[in-house]
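**Student:** Okay, predicted coordinates and the sequence, questions at the end:
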Amino acid sequence: MALRAPNRIRMALRSLFRRKATERELDDELQFHLAEMEAGGFTVQHAGLDQVKDACRDARTFRPLEDFLKDLRLGARRLYKNAGFAFTACATIALGIGATMAIFTLVNGVLLRPLPGVRAPQDLVLFADGNFEGRLVSAVPDPGTLETYSYRLYTRLRDELKNFDGIAAQQSNTSGALVQNLGADATSADLASARCVSANYFDVLGVRAMLGRTFHPREDADAGTGAVIVLSYGYWQRRFGGLPSAVGSAIVVNGFPYTVIGITPEHFVGTKVGASTDIWVPIVMQPQLMRRASLLGPQDNSWWLLVAGRLKPGVSLGAADAEVNTVVQRFIADVAPAGSTPAARQRVHATLMPGARGVSSPREQLGPSLWLLMIGVAVLLAIACINVSHLLLARGTTRQREISLELALGATRGRILRRHVTEGFLLALIGGTTGLVLGHWSAVGLLQLASTGPQPLAIDTSLDVRLIAFAGALIVAMSALFGAVPMWRAWVVRASSSLAATQTRAPKRGILSPLLVVVQVALSLLLLVSAALLTQTLRNLQDVDKGYREGNVLLATLNARLSELTPQQLLPVYERILERVSALPQVESASMSIDTPLSGNAMTTDVTVPGRPTTPGENTEVQVVIVTPRHFETMQMRVLEGRTLNENDRPGAPHVAVVNEAFARRFLTSGRVLGQMFEAGGQSQPLTAIGVVKNARINDLRSDPRPAMYLPVAQSPEALRSLQVRTVGEPEALTTAIREIVRTSNVKLIVQDVSSLEQQVDRSLVRERLIVTLAGAFGSFALVLVCVGLYGVLAQTVVQRTAEIGVRVALGATRARVLWLVLRESVLLTLAGVALGVPAALNAGKAMKGLLFGVNAVDGWMLATATVVIAMLALAASYMPARRAARIDPIDALRYQ
Amino acid sequence: MGKPTDLLQGTLDLLILKTLALEPMHGWGITLRIQQISSEVLQVRPGALYPALHRLEHQGWIIAKWGDSAAGRRAKYYSLTRAGRQQLDREAMQWRRLSSAVTTLLDTV
């Protein structure tokens, strides 16, 4: 009947949507028939007309679909009438599915997803795990697995391997690239990350440009002609505003002009997941991009490329591996210098690995934590489902009576089950779709929270088949569960037994439900206390005495790469810039230092003090901070003894240093710090300590400050990367002015990044903030579950003991007694949960010690507060069932006895 | 008139298709025609006829259209489609084979 199907469906749909009209037609048709029968003198039976209509409907319609829609309508009406229950159930489901989907989205993006934007990733093969970033120089690499390849070896592989459809190479790390518009000055420059790739890179990976084109093989041919560039989607959006006119425009990268020829697809990141590349440059342009000698020459011994290839169809990984190693060995034999032994040479080998998911440092860093989170969230989801099931069961014996009635009237069990499953499906659908949306937003939000710097982690969170299938599976599973749960009891009810008798046999509730509530209470306590500890940690870190004042300080990162001046030549430039900046109206003071505060970058050296012997194994490392004289004033760092640096500390004068407390305490005799001299590595003269400054947390907020010395830049010339400006009002307001000042200093100094010291402090606390958010979210979720779970269990008790309560009331029990009957159970469960939860919370606190800062793992106040919170929530959750119990009318209760 | 014989569903379909092969008709007309031609042997109840008609329409072998009856009342007329005509031929052939087989069986014993 293949031909009939479209027809049938069309007619079925028509009968669905034009139901009224169709019904009327059927009625008219039958009335006509009856009228004609009467006219013809036959006896007419009007009875049985409905059955005829039914039979016609059956013949015509797509019954299961109609039934389904009817059940949906019925279910929706039911939910609407029980709005409280519906809301609670849907909210619980939404939270459960939301949390699960959020974590699964991250798991998918980091761990499961194949390389985005690439054709047939399962055919790709990587020639190393890609963890090595950088360059090795040697004739023959060390024994072991090849991490990177040299250009010579790459070309050999490319030309000689037969098992591959193409071999591509990419630079193993990215190069910093200063990008400017052609003909424009340095103001429009920004810093991007660029990567050299072989001209066939995009072809081998099967990446088609979203706009424009990718490299031709010809672009590899000879150096100097290959001045084209491909942009990543993200960089195109950021710098070119996503305008199509970017393709074909000319830009200058590290001083060399290129034409933009194409944009890669949105989610494409290359074979390294989590490492973002802004600009793809043909490998022939390597000398120009890196501004150094060519690494492509026939005599070059640099190993700096990551290699990937596409297998020919039908070739196994093992065969390809063998062939690659043959070529590698031949190459090594050819180039090995005279002295190397064959044994050593043979221990060098290539290891091929499947490239479907690329290499990923996020995978390694985040992988285990993600799986842990996934398990945690799955547990919460399971608890949520069970709680909702209890809610369903707690809706009382009306359900059972209804089902018994239906069975008695001839409905099949299957039909009733279908109806309940449809209702469960409605719940799961509403809760599930809300949860999906929630989950997606949460995942994106979490990623943003977890990212340091302006670019979010390059993890793909877009919907794909796996996510949708997972969500769909969850919803279906829940529908089945919620449909079966009310039926479960009725399943054992035989239709033949009298309806009245079924009521007394309300089955025992069992130990499982109360136990689950106890576990939930314990879990909530644990999570609450942990969240409180972590929140306090975060607050302590934010409030810790940093040794400087972070408010109202503008930070600018300066890049002198393009300026081609020596540090000596940069000194007067810095002085001029600082003069002009200080002259701006809103500026209190300005200074520069070698590294941005809280960037984690630190220069170190070793110190020796004459007359103070070093004990063996002693750590004589100190941090070196090269600054302009007004640094302490700008950062508001307190000088405890002596003086700060000033303009007199010039090359001709004695070399001086301001040390911090830790330095003074460790290396200098107390009481006579000022004037003491010491030697430091990298310094041509001995240094005199002329001042002691308070310890400052300039590297990170957690660690105690280590010994540090501050040197004047005039005596230790270096390119200073950080400009600090203390302002009267909002620091960001001066951004344009400062950029202008740097630009007009005419030395191609690039302002790379402008933010404030406060933002920098925030950025250094990213991990803590992330953990606090997660702990808080999980904690709140657990609390909601406790409420729902407790309510469900208590409601079931009330239902179960309705008759008993009725008798008690009839025998004179007061409302108070009945209330206490219910509340007693609530109190017991809560107490048991707290008893379980307190030791768990204490243990968790101890386990978390590494994460905490300034809080004791055992904090009585927090435990007490958390317990009180849970107790109050438990009380709130008990309110409704208790009230319902107290209002039981003995007559009603006993009527259904 | 003896008790009206109940018709099997498949057979009823065949008769309806055959009746409509001649000209479009409404349900009552089909009932009358079948009754007449079979000399009152076959009497189709509306309870059997209308579900059959709707089913045949659902399967695309007949098509319905509202029109005016001889007496001027609105009635739903069914007519045979081309696919229905082919189906009629198929079923008729099948019926003949079946009935001749049964007849042969009855006669030989």
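**Tutor:** Cool, the structure landed.
**Student:** Point out the residues in chain B that sit beside chain A.
**Tutor:** B:26-28, B:31-32, B:46-47, B:50-52, B:54-55, B:57-60, B:66, B:69, B:73-76, B:83 (CB under 8 Å from any CB of the partner chain). (Glycine included, C-beta is placed from N, CA and C.)
**Student:** Whichever helix or strand A:Thr604 is part of - contacts with which helices or strands?
**Tutor:** Taking DSSP states H and E as the definition, A:Thr604 sits inside strand A:603-608. Where contact means 3 or more CB pairs under 8 Å, 6 or more residues apart in numbering or on different chains; DSSP states H and E, strand A:603-608 is packed against strand A:621-627, strand A:677-680.
**Student:** residues of the longest helix along chain B that come out buried?
**Tutor:** Across chain B, the longest stretch assigned as helix under DSSP state H is helix B:82-108. Of all the residues in helix B:82-108, those buried under the rule 16 or more other CB atoms under 10 Å in any protein chain shown are B:83-84, B:87-88, B:91.
**Student:** So which elements touch it?
**Tutor:** Using 3+ CB pairs under 8 Å, 6+ apart: helix B:82-108 touches helix B:9-22.
**Student:** between the helix it packs on and helix B:82-108, how many degrees?
**Tutor:** With axes from the mean of the first three to the mean of the last three CA atoms, to 10 degrees as the basis, helix B:9-22 and helix B:82-108 are set at 130 degrees to each other.
**Student:** can you pull the buried residues of helix B:9-22?
**Tutor:** For helix B:9-22, by 16+ other CB under 10 Å, it's B:12-20.
**Student:** Of all residues in the chain, which one is nearest the centre?
**Tutor:** Assuming you mean chain A. In chain A, the C-alpha nearest the mean C-alpha coordinate belongs to A:Leu447, at 3.2 Å (CA atoms, centre = their mean).
**Student:** looking at chain B here, not the other one
**Tutor:** Closest-to-mean residue, chain B, CA atoms, centre = their mean: B:Ile16 / 1.6 Å.
**Student:** Retrieve the pLDDT associated with it.
**Tutor:** You'll see B:Ile16 listed with a pLDDT of 92.
**Student:** A:Leu701 too?
**Tutor:** 88.
**Student:** ok, so what distance separates it from A:Gly297?
**Tutor:** 48 Å (CB to CB, to the nearest Å).
**Student:** And those two? Which one has more around it.
**Tutor:** A:Leu701 (17 against 12; other CB atoms under 10 Å in any protein chain shown).
**Student:** Helix, strand or coil: sort out the more buried one for me.
**Tutor:** coil (DSSP: H, G, I helix; E, B strand; the rest coil).
**Student:** and A:Glu579, how many neighbours does it have?
**Tutor:** 11.
**Student:** ok, back up a step: filter the residues of chain B next to chain A down to the buried ones.
**Tutor:** B:26-28, B:31-32, B:46-47, B:50-52, B:54-55, B:57-60, B:69, B:75-76, B:83.
**Student:** and those, which of them are in helices?
**Tutor:** B:27-28, B:31-32, B:46-47, B:50-52, B:54-55, B:57-58, B:83.
**Student:** could these go into a markdown table alongside pLDDT?
**Tutor:** Shown next, in a markdown table, are those (pLDDT from 0 to 100):
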| residue | pLDDT |
| --- | --- |
| B:Gly27 | 89 |
| B:Trp28 | 89 |
| B:Thr31 | 90 |
| B:Leu32 | 89 |
| B:Pro46 | 81 |
| B:Gly47 | 82 |
| B:Tyr50 | 89 |
| B:Pro51 | 87 |
| B:Ala52 | 89 |
| B:His54 | 88 |
| B:Arg55 | 87 |
| B:Glu57 | 87 |
| B:His58 | 83 |
| B:Ala83 | 90 |
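**Student:** still on that earlier bit, can you tell me what sits against the strand holding A:Thr604?
**Tutor:** By CB atoms under 8 Å, 6 or more residues apart in numbering or on different chains, the residues outside strand A:603-608 that reach it are A:594-595, A:614, A:620-626, A:663, A:667, A:678-683, A:707, A:709.
**Student:** again, only this time at 10 Å
**Tutor:** A:594-595, A:614, A:619-626, A:657, A:659, A:663, A:666-668, A:678-683, A:686-687, A:706-709, A:711, A:718 (CB atoms under 10 Å, 6 or more residues apart in numbering or on different chains).
**Student:** restrict the residues you listed to those near chain B?
**Tutor:** Restricting the contacts of strand A:603-608 to those touching chain B (CB under 10 Å from any CB of the partner chain) yields no residues.
**Student:** In contact with the closest residue to B:Ala52 other than its chain neighbours: list those residues for me.
**Tutor:** Spatial nearest neighbour of B:Ala52, excluding adjacent residues (CB to CB, 6 or more residues apart in numbering or on different chains): B:Leu12 at 5.2 Å. Contacts for B:Leu12 (CB under 10 Å, 6+ apart) come out as B:6, B:34, B:42, B:44, B:48-49, B:51-53, B:56.
**Student:** about what we covered before: wait, the residue nearest to the centre of chain A sits on A:Leu370?
**Tutor:** No: using CB atoms under 10 Å, A:Leu447 makes no contact with A:Leu370, being 12.0 Å away.
**Student:** Common neighbours of the two, please.
**Tutor:** Residues touching both A:Leu447 and A:Leu370 by CB under 10 Å, 6+ apart: A:106, A:109-110.
**Student:** Reformat these as CSV; add pLDDT, secondary structure and neighbour count.
**Tutor:** Formatted as CSV, the shared contacts of A:Leu447 and A:Leu370 follow (pLDDT from 0 to 100; DSSP: H, G, I helix; E, B strand; the rest coil; neighbours: other CB atoms under 10 Å in any protein chain shown):
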residue, pLDDT, secondary structure, neighbour count
A:Leu106, 83, helix, 25
A:Gly109, 78, helix, 27
A:Val110, 76, helix, 24
